[in-house]
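Engineer: curious how this folds, go ahead:
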Amino acid sequence: MARHLTLVPAPDLSEDDVRAALDGTRPIAVLPAGPPAVVDAARRVLRPEEELEPGADLVVVTSGSTGGGRAVLLSSAAVRASGTATLDRLGGPGSWLLALPVSAIAGLQVLCRSVLAGRRPTVLAPGETLAVAADRLPDGDRRYTALVPTQLRRYLDHEPDALRTFDGVLVGGAATDPVLLDRARREGVQVVTTYGMTETAGGCVYDGLPLDGVTVRVDDGGVRLAGPMLALGYRLDPAATASAFADGWFATRDAGSLDTDGRLTVTGRLDDVVVTGGVNVAPAAVEAALRAHPAVADAVVFGRPDDDWGQRVVAAVVPAPGHTLELAVLRTWVAERLGAPAAPRELHAVDTVPVLHTGKPDRRGIAATVLQGDR
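Structural biologist: Reported below is the predicted structural model:
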């Protein structure tokens, strides 16, 4: 019998919807909230009028600027395997605070883990403080939440006591600055870094170590993942599926390395590397160095064509309150930490860093805005 997707707008997603998908009785996809262009782009890749591929129960749109995402096919078994392994790693079932959009895999998995644990999630309301939301979690239960780095930084600045009430604060969605992680741990926050993506049903490597059942390898600098959490492929895109999924492995397009203990370090995206003067520069590393400067509240780094260097490193930076930005000062700061090739050759002050519906920084979007402004 032919199966078709049920599209559920993010604000309307219920535990019953999630339960039906996990039971395999009604396949769903969550439409992201946002401007019409974002919603229309999601509909175009989801194509609900087309028959659904066999075995798929949840279809999740990856992050990307308008029109740039893909629809990932997940089986209920993959989502269950991910949720079960996560709860085992964290120390058992507990109550979750949902603080991320459910159209992205990180937020959706909070709902899935709650259903698997037989708990009702607590939803962080718009404008609500973390402390007030945490007070609504049940007493006497383990307490978990998942955040992106920007949220972690904000709560450390304004509500560190509330963060300390959680037994596990999962942080993923973007490379997390070591300085930020060290600060969180010094302040007694039980932070856990997660690495994974929609194609792995969410985080599958915690604090650098694979969850049970997950295998990691690095080939030619690129990270590959295997395990029961892997997606079936991409919706109605057999060529992209064959390119990314082969012989039980998923090629992530992330650059990384494994140490002798099997701990994974991810250094950035292979396709985000800026090649300047013949040297490879990882934007995430430069962003982390910039955020450690007291004059910088946030930063996004990218490359743009340069006649002399091939590409030059460009930084779009949000100034910290009361500070002004100077390119020479930031160049010296980065060069002392990462070497001269990584030092930005161009600086743009911005009011904020735009994010995708997943909460990740929109690096391509801000690069396009900067380039357009220079015309």
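Engineer: what does whichever helix in the chain runs longest contact?
Structural biologist: Assignment by DSSP state H gives helix 76-90 as the longest helix of the chain. Helix 76-90 is contacted from outside by 21-24, 57-58, 93-94, 109, 112-113, 116-117, 142, 144, 167-168, 192, 200-204, 206, 211-214, 227-232, using C-beta atoms under 8 Å, 6 or more residues apart in numbering. The way it works is simple: take the backbone N, C-alpha and C, and place the C-beta from them, glycine included.
Engineer: filter those residues down to the ones in strands?
Structural biologist: Leu58, Tyr144, Gly168, Val192, Gly202, Gly203, Cys204, Tyr206 (DSSP state E).
Engineer: my read is that the first one contacts Asp23, right?
Structural biologist: What that stands for is Leu58. No - contact between Leu58 and Asp23 fails when scored by C-beta atoms under 8 Å: they sit 11.5 Å apart.
Engineer: more neighbours: these two, which one.
Structural biologist: Between Leu58 and Asp23, counted using other C-beta atoms under 10 Å, the more crowded position is Leu58 (26 against 11).
Engineer: give the contact list for that one.
Structural biologist: So, once contact is read as C-beta under 8 Å, 6+ apart, Leu58 ends up touching Ala21, Pro27, Ile28, Ala29, Leu74, Ser75, Ser76, Val79, Leu108.
Engineer: residues in contact with the residue lying closest to it once chain neighbours are set aside?
Structural biologist: Nearest residue to Leu58, sequence neighbours excluded (C-beta to C-beta, 6 or more residues apart in numbering): Leu74, at 4.4 Å. Residues in contact with Leu74 (C-beta under 8 Å, 6+ apart) are Ala56, Asp57, Leu58, Val59, Val60, Thr198, Ala201, Ala231, Leu232.
Engineer: neighbour-wise, which one of those leads?
Structural biologist: Ala201 (31 neighbours).
Engineer: got a list of what Gly233 touches?
Structural biologist: Gly233 neighbours (C-beta under 8 Å, 6+ apart): Glu53, Val72, Leu73, Ala240, Thr241, Ala244, Phe245.
Engineer: any idea how far Leu181 is from Leu13?
Structural biologist: 31 Å (C-beta to C-beta, to the nearest Å).
Engineer: with Pro238 instead?
Structural biologist: 29 Å.
Engineer: ok, these two, which is more surrounded?
Structural biologist: Neighbours were counted for Pro238 and for Leu13 using other C-beta under 10 Å; Leu13 has more, 18 against 10.
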